[in-house]
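[1] quick one, what's the 3D model for this:
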Amino acid sequence: MSLASSIYNTVMRKNYAFVGVIFAGAFGADIAFDVYAQRFWDWKNQGRQWKDIRHKYALSSDEE
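    Sure thing, here's the model as predicted:
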């Protein structure tokens, strides 16, 4: 029995398993896209975001 045959018998033949694999794949792809998009955004806008310049404008607890 080949690998492709065993994958087919495990995932594709049963509808609930196929739908589960589709949902898990979509969920994982969504998380991966969000993580990498956020990293790219932070990389391209480094030094211009509030988290990078907060120390210049925000008062510390001693100054309040």
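[2] after the host helix or strand of residue 42, next one along is what?
    Following DSSP states H and E, the helix or strand that holds residue 42 is helix 15-44. Using DSSP H and E, the helix or strand that follows helix 15-44 in sequence is helix 50-57.
[3] so, low pLDDT: which residues of the chain?
    Applying pLDDT under 70 to the chain picks out residues 1, 61-64.
[4] most centrally placed residue in it?
    With distances taken as Cα atoms, centre = their mean, residue 31 lies nearest the centre of the chain, 2.4 Å away.
[5] now do it against residue 24, distance only.
    11 Å (Cβ to Cβ, to the nearest Å). C-betas here are computed from N, CA, C, even on glycine.
[6] what number of residues lie near residue 49?
    For residue 49, the neighbour count with other Cβ atoms under 10 Å is 11.
[7] shouldn't it be in contact with residue 43?
    No: between residue 49 and residue 43 there is no contact under Cβ atoms under 8 Å: 11.0 Å.
[8] quick revisit: now do the buried residues in the helix holding residue 42.
    Residues of helix 15-44 include none that count as buried (16 or more other Cβ atoms under 10 Å).
[9] next one: stretch 50-62
    For stretch 50-62, using 16+ other Cβ under 10 Å, no residue counts as buried.
[10] now residue 45: phi and psi?
    Backbone torsions of residue 45, given as degrees, to the nearest 10, read phi -110, psi 30.
[11] and it, how far from residue 37?
    12 Å.
[12] before we move on, the earlier item: so the helix holding residue 42 versus helix 50-57, what angle?
    40 degrees (axes from the mean of the first three to the mean of the last three Cα atoms, to 10 degrees).
[13] helices or strands next to helix 15-44 in the packing?
    Applying 3 or more Cβ pairs under 8 Å, 6 or more residues apart in numbering; DSSP states H and E, we find helix 15-44 packed against no helix or strand.
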